[in-house]
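*Asks:* No sequence on hand, only this structure:
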Ligand code: AMP
Ligand code: MN
Ligand code: MN
Ligand code: MN
């Protein structure tokens, strides 16, 4: 069976490895078809595509767009996008533009909470100056021993209600799906099990997404617990969505699931790649 991983990050967003090195790690983990899906950024795609070709791996051009829906941050993955599409590029550039200021505000709040120098500290981990992420702050707080690991930093400092949380307004659902579809791509709701929506709100999100032309949801992802694989397989069937699979790899040793250990999609769903290979 073809091993497909359609969700990974490089140091062009908040991963730690260069795109070509992520390709090598995926291949070593047994991946046959692979997408690079950096947050709000497509600059890693040419290097990723070239590396995948050299490694004999099918390549899927991707992106993971940050949106705000019902006051929550939601991620929409775009697959098989034309990464040179002007409207997509303009939309992504606009989405990235608030990140540096947000980073400065996060640092100011952390300073008030007794952690000075976090902006400069996080910046050491940033591979792309346009893409400062909370993950870079998390790595700094682990490096300095403030927290033991990255999930711990999010729990104590970087999530809503915590001293280093700065609310941010991202793109809209309609924009993100529109940019992806306009660039010839397929829109996928990333790790739906991670959002804190009621079942009703989640249903409204799925309905709106579908109406806008969204086609798939992630079912098996490193960001879901094994229980959620079945739960979202059922929801994919109920809403008529294709199902996607991806590790959400960021760094060796940082992910919940390794490339090689991520289980296949349940047989009950239609893979988003069903007519690609
Ligand atoms: P940002 O786009 O800057 O808001 O950062 C979001 C990123 O932070 C996500 O893509 C994850 O990589 C990471 N992240 C968010 N929540 C958590 C968490 N609870 N544990 C570990 N990483 C997280
Ligand atoms: Mn991330
Ligand atoms: Mn995500
Ligand atoms: Mn991701």
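*Replies:* Looks like it arrived, so ask away. If you're wondering where the values come from, they're calculated on a predicted model, not measured in any experiment. Ligands and ions are numbered 1, 2, ... in the order given.
*Asks:* Let me see the contact set for the residue nearest the centre of the chain.
*Replies:* Central residue of the chain (C-alpha atoms, centre = their mean): residue 64, 4.8 Å from the mean position. Listed by C-beta atoms under 8 Å, 6 or more residues apart in numbering, the contact set of residue 64 reads 7, 9, 13, 37-40, 75-78, 190. No exception for glycine: its C-beta is placed from N, CA and C like everyone else's.
*Asks:* Any idea what it is bridged to?
*Replies:* Judged by DSSP bridges, the bridge partners of residue 64 are residue 39, residue 77.
*Asks:* need the contact list for the residue of the stretch 1-150 of the chain found nearest ligand 3.
*Replies:* Per C-beta to the ion, residue 75 is where the stretch 1-150 of the chain lies closest to ligand 3, at 3.7 Å. Contacts for residue 75 (C-beta under 8 Å, 6+ apart) come out as 39, 64-67, 189-191.
*Asks:* Compute the distance between the closest residue to residue 43 other than its chain neighbours and residue 44, please.
*Replies:* The spatially closest residue to residue 43, leaving aside those adjacent along the chain, is residue 12, at 5.2 Å (C-beta to C-beta, 6 or more residues apart in numbering). Going from residue 12 to residue 44 by C-beta to C-beta, to the nearest Å gives 4 Å.
*Asks:* And for residue 218?
*Replies:* 20 Å.
*Asks:* coming back round to it: could you work out the most separated pair of the contacts of residue 75?
*Replies:* Greatest spacing in the contacts of residue 75, by C-beta to C-beta: 39 and 189 (15.1 Å).
*Asks:* quick one, which of the two is more surrounded?
*Replies:* residue 189 (27 against 22; other C-beta atoms under 10 Å).
*Asks:* Looking at strand pairing, list the partners for that one.
*Replies:* Going by DSSP bridges, residue 189 forms beta bridges with residue 76, residue 217.
*Asks:* right, and it touches residue 208 too?
*Replies:* No - using C-beta atoms under 8 Å, residue 189 makes no contact with residue 208, being 10.6 Å away.
*Asks:* before we move on, back to that, quick check, nearest of the contacts of residue 75 to residue 263?
*Replies:* Nearest to residue 263 out of these is residue 191 (C-beta to C-beta; 15.2 Å).
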